[in-house]
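Novice: take a look and give me a structure for this.
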Amino acid sequence: MYCSVKPEIKNCINNLVNFCFLEEKVIWEKCKSVTGDTDPEDDKEFDGDEIVYVDLKKKEWVGTMPDFLQQLDGQNLVQQALVEQRICKSNLDVAVKAEKNPPEKIVYPRDEVSLGGRNKLICFVNNFFPPPVKVKWTKNDVEVTEGVTLSRYYPNKDFTFRQYSTVPIIPQEGDVYSCTVEHKGFPEPETRFWGKIVNIGKTVFCGVGLTLGFLGVGVGTFFLIKGNNFQRQAV
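Specialist: Below is the predicted model:
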């Protein structure tokens, strides 16, 4: 379940930090409660950046923006988050009827790809609700688990979420990678592929060589015809 407090503009959130934010800035406050597939959390954002989140299972707070750390009352945050969790649970019957938004997915390399060079593939999953998603990687139809990472899920301003997973790669010619995403909004897991990797250097070399070959044949034919015409004129 995911509950959200609407953004409040022109308010001074003294129990979060001990100063007022500018009017055009927006505070987002969100709590995530337990439904069996997510850990209970309460996180707060300022202008799209996460400031702090509270792990409700451990009853601990974690600051994610160093500039704010000395201005936060950690104990007050934990107590506030526990109250918000009870509010979230009280709205569970309504929240579970919310529409399930399937995620958007894209797979792309972190750096420019070169055969035999170390790189990472990123599977970016966006605009899904509710969290979380499950991600599985394969290389040439074989599941890959070594070095795979999965980020925390982060809220978007429209109350959907985003999350990403990475896998280290050393691409070779012909490799095919896939990222499979599971989510409640999908009737079945959906997959995005990356590859098939082709040795571009060899392809370009062969293409240039073939072009030069045809050009040589054309030039030779031209001079052959011109030579025959010259001989006829001489006779």
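Novice: which stretches of this protein have low pLDDT?
Specialist: Scanning the chain for pLDDT under 70 picks out 1-101, 197-235.
Novice: how is it partitioned into domains?
Specialist: When the chain is parsed with automatic domain parsing, its domains come out as 2-95, 104-194.
Novice: residues touching residue 175, list them.
Specialist: 139-140, 169, 195-197 (Cβ atoms under 8 Å, 6 or more residues apart in numbering). For the C-beta atoms, the positions are set from N, CA and C on the backbone; glycine is no exception.
Novice: switch to 10 Å and redo it
Specialist: 115, 139-140, 169, 194-197 (Cβ atoms under 10 Å, 6 or more residues apart in numbering).
Novice: okay, now residue 183: neighbour count?
Specialist: 21 (other Cβ atoms under 10 Å).
Novice: the closest residue to it other than its chain neighbours: neighbour count?
Specialist: Among residues not flanking residue 183 along the chain, residue 133 sits closest, at 4.8 Å (Cβ to Cβ, 6 or more residues apart in numbering). Residue 133 has 25 neighbours, counted by other Cβ under 10 Å.
Novice: residue 167 too?
Specialist: Neighbour number of residue 167 under other Cβ under 10 Å is 23.
Novice: let the chain start at 6 from now.
Specialist: All set: I'll call the first residue 6, so the last point we hit is now residue 172.
Novice: ok, and the closest non-adjacent residue to it?
Specialist: Per Cβ to Cβ, 6+ apart, closest to residue 172 is residue 142, 4.5 Å.
Novice: which elements pack onto the strand or helix carrying the one you found?
Specialist: Counting by DSSP states H and E, the element that carries residue 142 is strand 139-144. In this structure, strand 139-144 makes packing contacts with strand 124-133, strand 147-149, strand 154-155, strand 166-174, strand 182-187, strand 195-199, judged by 3 or more Cβ pairs under 10 Å, 6 or more residues apart in numbering; DSSP states H and E.
Novice: so which bits of the second one are buried?
Specialist: Okay, so that is strand 147-149. residue 149 (16 or more other Cβ atoms under 10 Å).
Novice: give me the residues contacting that strand.
Specialist: 126, 141-143, 172-174, 182-183, 185.
Novice: if you set the cut-off to 8 Å instead, what comes out?
Specialist: By Cβ under 8 Å, 6+ apart, strand 147-149 touches 141-143, 172.
Novice: Throw these into CSV and include distance to residue 165, thanks.
Specialist: Shown next, in CSV, are the contacts of strand 147-149 (distance: Cβ to Cβ, whole Å):
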residue, distance to residue 165
141, 22
142, 23
143, 27
172, 24
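Novice: which of these lies closest to residue 107?
Specialist: For the contacts of strand 147-149, the residue nearest residue 107 by Cβ to Cβ is residue 141; the value is 16.7 Å.
Novice: might one say that the closest one is in contact with residue 185?
Specialist: Yes. At 4.5 Å, residue 141 and residue 185 qualify as touching, with contact defined as Cβ atoms under 8 Å.
Novice: find the residues that touch each one of the two.
Specialist: residue 194.
Novice: pull out the buried positions in stretch 162-172.
Specialist: Across stretch 162-172, burial judged by 16+ other Cβ under 10 Å covers 164-172.
Novice: and residue 108, how many neighbours?
Specialist: Residue 108 has 22 neighbouring residues, counting by other Cβ under 10 Å.
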